[in-house]
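[1] Starting from these lines, generate the structure:
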Amino acid sequence: MRLSIVLVILRKELVETLRDRRTFVSLVLLPMMLYPLFALLMSRMAGAEMDALEARPSKIAVWGELSPDVSAALAAGENKLEIVPWHGAPEALRRDLEAGSIPPPTPAPPRPPGPPRKDPGAEPSTGTKQRDAERPDAAVALAARTLVGAREAHAVLVPWRGFSEDVRAGKAARVTIYYDSVWGDSDFAADRLDYALARARDGLLVSREGEKGLPKGFTSGLEVVSRNIAPDERRVGKVLGTLMPMMLILMSLLGGFLRAADMTAGEKERGTMQTLLCAPLLPLEIITGKFLAVFVVSLVTALVNVASLGLTLRRILPGEMDVPFSAHAFTFALLIPVTLLFSALFLAVAAFARDFKDAQNLLTPVYLPVMLLSMLTSLPGMELSVTTSFVPLLNVALLIKAIYLGDVAPDLVLFTLGSSTLFAALALVFAARVFEREDVLLGGRGSFRAVFTFERQKGGIPSLGFSLGAFSVILVVTFYASFLLEKTTNKTVQIAGTQLGLMFLPALAAIAASGASMRETLGLRWPRPRALVGAVLAGLSGGVVVSAIALRLVPVPREFSDKLGDALLLDGQPLGVLILVIAVLPALCEETLFRGFLFTGLSRAGVAVALITSSLLFGLAHGSIYRLIPTFSLGLLLGYARHTTRSLLPGILVHGINNALAMTILVVRPAWLERFFGDEQPVGLGAAAALVLALGVYLMREPRVAKARG
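    As a prediction, this is how the structure comes out:
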């Protein structure tokens, strides 16, 4: 082998690589820009979380009697400790603590020289792990775990019987901190307590310096024991929830990454894409087939990764800490919307590449942010919330983390799945737009800007892709813009601003931007009088029927219904204002968006698709798992009214009358209303309402004009 020839070839390949602008951007510019930005983002988010932790006071439940000087030291303002005596303590446990029948836990012995070892479950004398149920204070730890787990207190402080007497006698007074290390606020509260008790101990030592005959315990003052009451499953879940979402998401998307590049740029390179385009096929058929192929590959990859993870954890974890099968199944289900989103995105971006190498250069800037965004789950205090549930990819990663922690909120699951579905729909619309451009598919140098431009149509109804894409944008913008409206304390202004500024006007603007006919899209026609009578009957009875059915399928907690009712009363506004804001405005604005703009555009895919999809999105937009079935069912009724009458007015009547009736009942508070929230539902009332609803549906039905034969 001749070294000179090898060096010449090496020089040639390096020069060609550096000449390629996209390769240079992927290899040099992108890492130089992306990692500093990501590091800055993580540091800012971590700093913001720490600032928020320090700003929030820690609620401490004290189960016992503190001495006056220690109590005063803990209550000092700089500690930011909110001391609540006997908060959440069961009566039987309180009696046992006051009687001194529960012995305090044994403090850990001094750590021997050598590297630090952290084993909070180790027995001090033998070093063997002791189960919580075997500890002398097991009842206290269990009650504290229940209280802290319900987020009703950040930590529990137990000064054991005789605490004040030991302080006065100059002995070591015993106190125990119970906290949950998995919950960041509780862990931080334990640190605050430990620091405050250390300061109180220093004060005790100073006051004893002048005394004679120093008793045993002088050098300690306070004997503080910290007990981590987080179950072993949650501690393991914290580790898994920090690492597993990133690994699962990255490995699941890797299969789709390679297949998307091969099915687009690879086919261009082999010349098979041109052959495919010459066949009598629609661009939508091509993109659908390729998308499903990439999606299936990604889904199989996700399934294999989740199965492998489950088997691995089953092998290495003890039996009592094994992750249940349901958690793995739920994790796989969450990866479905992620693979939907990125299968479409990878396919659309890779279509711009000239060859397979160019596709890798284009997809790398898409894949790297995915990796970095999924790493945010490792930040302290980063949890799934209403805000993060609308952040693409991060919401699913945080929900997977919550699954491993065993801390999943149903409403946040709904937000996460709904927003992920919307983002996947936007990616599909983008991919469909790309595959409509033959200059891109035939190997030309198409630009991204050309894909996002569209020609305004003249009349008719909006296209399916435009309706779905514009609605997704409107809904996401509505979510984030609603935070600005929340800054005002006037709930009436909040609701009116959301309805008019974030639903009604954006829907009209989207129709105008598409160039479609406002009259045809919104169904601005006067229906027959019998249809209006039917709408009134359906509005009076539909809510009763839907509630009777929905409450049997998904019982609503009394706390949720009370909270919702109080929110709808708008701080005591009169009934007329409530009907205007809660009934009239939503009927006009929501029907314009959902049954006007969205339903009409979706009807290009068929009435059934439009009816089910618009109703489901209508339910998701109301943002509660308990309201999903009622609003979805009501959406089906409203969609039927829109379709059969070809007018928006009957749906507005049904929607408005239903809301107005509900508000009137809520204000008047008749006695029979309580039966709707009990175990027995008013079957007779529901049956009568069903008959009225059936009559209303029949009256709204307008027969279609048969087409002439021949």
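
[2] roughly how far apart are residue 225 and residue 172?
    Look at residue 225 and residue 172: by C-beta to C-beta, to the nearest Å, they are 11 Å apart. The way it works is simple: take the backbone N, C-alpha and C, and place the C-beta from them, glycine included.

[3] Settle it for me: which of these two has more neighbours?
    residue 172 (20 against 17; other C-beta atoms under 10 Å).

[4] For that one, give me phi and psi.
    phi -80, psi 110 (degrees, to the nearest 10).

[5] Equivalent analysis for residue 101, please.
    phi -80, psi -10.

[6] Which of the helices or strands spans residue 637?
    Remark: residue 637 resides in helix 625-645, with elements defined by DSSP states H and E.

[7] any idea of the angle the next helix or strand after that helix forms with helix 625-645?
    For helix 625-645, the following helix or strand on the C-terminal side (DSSP H and E) is helix 649-668. Here the directions of helix 649-668 and helix 625-645 differ by 140 degrees (axes from the mean of the first three to the mean of the last three C-alpha atoms, to 10 degrees).

[8] Mind giving me the packing neighbours of helix 649-668?
    Applying 3 or more C-beta pairs under 8 Å, 6 or more residues apart in numbering; DSSP states H and E, we find helix 649-668 packed against helix 529-553, helix 558-568, helix 575-578, helix 585-590, helix 625-645.

[9] So for the last one, mean pLDDT?
    Averaging pLDDT along helix 625-645 gives 88.

[10] repeat for the third one
    Rounded to a whole number, the mean pLDDT of helix 575-578 is 88.

[11] so how far is that helix from its chain's centroid?
    Mean-position distance between helix 575-578 and its chain equals 33 Å (C-alpha atoms, centre = their mean, to the nearest Å).

[12] do the last one as well
    Computed by C-alpha atoms, centre = their mean, the chain-centroid distance of helix 625-645 equals 24 Å.

[13] The helix holding residue 637 - contacts with which helices or strands?
    Using 3+ C-beta pairs under 8 Å, 6+ apart, helix 625-645 sits against helix 410-435, helix 529-553, helix 599-602, helix 607-621, helix 649-668, helix 683-700.

[14] Mutual contacts of residue 225 and residue 172, please.
    Among the neighbours of residue 225, none is also in contact with residue 172 (C-beta atoms under 8 Å, 6 or more residues apart in numbering).

[15] quick revisit: just the CA atoms of the helix holding residue 637, as PDB, please.
    Taking Å, rounded to 0.1, in the frame of the first residue of the first chain, the C-alpha atoms of helix 625-645 are listed here in PDB:
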ATOM      1  CA  ILE A 625     -60.900  14.400  31.300                       C
ATOM      2  CA  TYR A 626     -64.300  14.700  33.200                       C
ATOM      3  CA  ARG A 627     -65.700  17.000  30.500                       C
ATOM      4  CA  LEU A 628     -64.400  15.000  27.500                       C
ATOM      5  CA  ILE A 629     -67.400  12.600  27.100                       C
ATOM      6  CA  PRO A 630     -70.100  15.200  27.700                       C
ATOM      7  CA  THR A 631     -68.600  17.800  25.300                       C
ATOM      8  CA  PHE A 632     -67.800  15.100  22.700                       C
ATOM      9  CA  SER A 633     -71.400  13.900  22.800                       C
ATOM     10  CA  LEU A 634     -72.700  17.400  22.600                       C
ATOM     11  CA  GLY A 635     -70.300  18.000  19.700                       C
ATOM     12  CA  LEU A 636     -71.900  15.100  17.800                       C
ATOM     13  CA  LEU A 637     -75.300  16.700  18.300                       C
ATOM     14  CA  LEU A 638     -74.100  20.100  17.200                       C
ATOM     15  CA  GLY A 639     -72.300  18.600  14.200                       C
ATOM     16  CA  TYR A 640     -75.400  16.700  13.200                       C
ATOM     17  CA  ALA A 641     -77.400  20.000  13.300                       C
ATOM     18  CA  ARG A 642     -74.800  21.700  11.100                       C
ATOM     19  CA  HIS A 643     -74.700  18.900   8.600                       C
ATOM     20  CA  THR A 644     -78.400  18.200   8.300                       C
ATOM     21  CA  THR A 645     -79.600  21.800   8.200                       C
END
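
[16] returning to what we had before: compare the helices and strands packed on helix 625-645 and report which one is nearest to residue 576.
    helix 649-668 (10.3 Å; C-beta to C-beta).

[17] Could you list the domains of the chain?
    3-53, 56-106+123-230, 234-453, 517-705 (automatic domain parsing).

[18] Please produce JSON lines containing those domains, extended by distance to residue 459.
    As requested, the domains of the chain are arranged in JSON lines below (distance: least, C-beta to C-beta, whole Å):
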{"stretch": "domain 3-53", "distance to residue 459": "42"}
{"stretch": "domain 56-106+123-230", "distance to residue 459": "55"}
{"stretch": "domain 234-453", "distance to residue 459": "20"}
{"stretch": "domain 517-705", "distance to residue 459": "5"}
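
[19] For residue 495, find the nearest of those.
    domain 517-705 (5.4 Å).

[20] Report the central residue of this structure.
    residue 389 (2.9 Å; C-alpha atoms, centre = their mean).

[21] Apart from its chain neighbours, what residue comes closest to that residue?
    Spatially, and ignoring its direct neighbours in sequence, residue 389 is nearest to residue 415 (3.8 Å; C-beta to C-beta, 6 or more residues apart in numbering).
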